[in-house]
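A.B. asks: just to be clear, the model below is a prediction. Sequence and coordinates:
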Amino acid sequence: MLKKEFRLPKTKLGPGKTLSLPGAFLKVSENGLRVSRFGFVVSKKVDKRAVVRNKIKRILRSFVQENLKNIRPGFDFLFVSKKVIEKKELKTEEVFKKYLK
């Protein structure tokens, strides 16, 4: 689990970019803080079972936690999963190249 300082609060995300991944959308905006924050959204359109939705969130969180030291501070990241995320492997490393140190 991510520490509280790295979690994105349930407020509006500032203006920024939206990137499309094979299994998700990634919304990125600058936050002006000394840390980057992350949020994960998996809707019931992906799967009605909470177990599956939570598993997807855990996979995304674990990737972020493993690569946290390589991600530049000062950004808010919001992952919004698509319906096809279960069937495809998410290649998040490609998206984060721009935001790595």
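C.D. replies: Thanks, I have the structure now.
A.B. asks: do a quick rundown of the strands in this protein.
C.D. replies: 17-20, 24-30, 37-41, 75-81 (DSSP state E).
A.B. asks: identify whichever of those strands lies nearest to Leu68.
C.D. replies: strand 37-41 (8.8 Å; Cβ to Cβ). Placement of C-beta: from N, CA and C, glycine included.
A.B. asks: and that closest one, how far out from the chain middle?
C.D. replies: From the chain centre to the centre of strand 37-41 is a distance of 5 Å (Cα atoms, centre = their mean, to the nearest Å).
A.B. asks: dump the C-alpha coordinates for that strand into PDB.
C.D. replies: Output of strand 37-41 as PDB, limited to C-alpha atoms (Å, rounded to 0.1, in the frame of the first residue of the first chain):
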ATOM      1  CA  ARG A  37       0.600  11.500  -6.000                       C
ATOM      2  CA  PHE A  38      -1.300   8.600  -7.500                       C
ATOM      3  CA  GLY A  39      -5.000   7.600  -7.800                       C
ATOM      4  CA  PHE A  40      -6.600   4.500  -9.300                       C
ATOM      5  CA  VAL A  41     -10.100   4.100 -10.700                       C
END
